[in-house]
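>>> after the sequence you'll find the predicted model.
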Amino acid sequence: DVKVTQSSRYLVKRTGEKVFLECVQDMDHENMFWYRQDPGLGLRLIYFSYDVKMKEKGDIPEGYSVSREKKERFSLILESASTNQTSMYLCASSSDSGGSYEQYFGPGTRLTVT
Amino acid sequence: AQSVTQPDIHITVSEGASLELRCNYSYGATPYLFWYVQSPGQGLQLLLKYFSGDTLVQGIKGFEAEFKRSQSSFNLRKPSVHWSDAAEYFCAVGYNAGNMLTFGGGTRLMVKP
């Protein structure tokens, strides 16, 4: 079974803090993604990575950065958290091989910025 | 640019009744289409996908979906809903050869006993 884990299920941070969200996948997938989930808006792509040290902006990258130093790990960084970044954050991974295109999701991190 | 619309934000059905969740997409090329389900407190799980071929696709948990190119739709159906189907359902269109996904806003399903 593919497993995608996220470092925290719930996180409470103060405005201005630097926040790290970690994601690890155990299936040697090339692609990893960070989404933000808000009611009525579905999932919106923040950043994705198709290889180690490679990253591409998604639809809503402002206020976020990412790091992928190892194939299995993809980190989302909020340099200076703001209240409008209170949301559910979902990590996903997928493989380039086999033509499946299925993305496997972690359980999510619910971040509250006060 | 691609987009996905799920017109129904909330749907309530009685247990044992049939279900249809609507999904309309906009995409210039041949679409890769997906339905995911998110149970409370969980990540998303793939229910089914359509890439090509038979336009009626079967998925897990007794779900099926039909691709209708003329209507740009990919509606999800289940003949008899169970209480455990209560969840949020997301339709998505794949682009960049299917590697990237654009999601709809989701439909929250409630099941009455």
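Structure's in. What do you need?

>>> can you pull out the strands in chain B?
Along chain B, counting by DSSP state E, strands occupy B:3-5, B:10-14, B:19-21, B:24-26, B:32-38, B:44-50, B:56-58, B:64-68, B:73-78, B:87-95, B:100-103, B:107-112.

>>> and the helix or strand hosting A:Arg36, what does it pack against?
Here A:Arg36 sits within strand A:31-38, counting by DSSP states H and E. Strand A:31-38 sits against strand A:19-25, strand A:42-51, strand A:73-78, strand A:87-94, with contacts defined as 3 or more C-beta pairs under 8 Å, 6 or more residues apart in numbering or on different chains; DSSP states H and E. (Glycine included, C-beta is placed from N, CA and C.)

>>> what packs against the second one?
Contact partners of strand A:42-51 among helices and strands, from 3+ C-beta pairs under 8 Å, 6+ apart: strand A:31-38, strand A:54-57, strand A:65-70, strand A:73-78, strand B:100-103.

>>> any idea of the angle it forms with strand B:32-38?
Using axes from the mean of the first three to the mean of the last three C-alpha atoms, to 10 degrees, the inter-axis angle of strand A:42-51 relative to strand B:32-38 is 110 degrees.

>>> neighbouring strands for strand A:42-51, and are they parallel or not?
Pairing partners of strand A:42-51, with direction, according to DSSP bridges: strand A:31-38 (antiparallel), strand A:54-57 (antiparallel).

>>> B:Ser70: which of the ones you listed is closest?
Closest approach to B:Ser70 among the strands paired with strand A:42-51 (C-beta to C-beta): strand A:31-38, 30.8 Å.

>>> send me stretch B:65-83 as PDB with only the CA atoms.
What follows is stretch B:65-83, C-alpha atoms only, in PDB (Å, rounded to 0.1, in the frame of the first residue of the first chain):
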ATOM      1  CA  ALA B  65     -19.400   7.200 -13.500                       C
ATOM      2  CA  GLU B  66     -20.300   7.900 -17.100                       C
ATOM      3  CA  PHE B  67     -18.300  10.200 -19.400                       C
ATOM      4  CA  LYS B  68     -20.400  12.200 -21.800                       C
ATOM      5  CA  ARG B  69     -18.300  14.200 -24.100                       C
ATOM      6  CA  SER B  70     -21.200  16.000 -25.700                       C
ATOM      7  CA  GLN B  71     -22.200  17.300 -22.300                       C
ATOM      8  CA  SER B  72     -18.700  17.700 -20.900                       C
ATOM      9  CA  SER B  73     -19.900  15.700 -17.900                       C
ATOM     10  CA  PHE B  74     -18.600  12.900 -15.700                       C
ATOM     11  CA  ASN B  75     -21.400  12.200 -13.300                       C
ATOM     12  CA  LEU B  76     -20.900   9.800 -10.400                       C
ATOM     13  CA  ARG B  77     -23.700   7.300  -9.600                       C
ATOM     14  CA  LYS B  78     -24.500   4.600  -7.000                       C
ATOM     15  CA  PRO B  79     -27.700   2.500  -7.100                       C
ATOM     16  CA  SER B  80     -28.100   2.200  -3.400                       C
ATOM     17  CA  VAL B  81     -26.400   4.400  -0.900                       C
ATOM     18  CA  HIS B  82     -25.100   3.200   2.500                       C
ATOM     19  CA  TRP B  83     -24.700   5.300   5.600                       C
END
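
>>> pull out the buried residues from that stretch.
B:65-67, B:73-76, B:78, B:81 (16 or more other C-beta atoms under 10 Å in any protein chain shown).

>>> any idea what residue 75 is bridged to?
All of this refers to chain A. Applying DSSP bridges, one finds that A:Ser75 bridges with A:Glu22, A:Ser67.

>>> let me rephrase: I mean chain B.
Beta-bridge partners of B:Asn75, as defined by DSSP bridges: B:Glu66.
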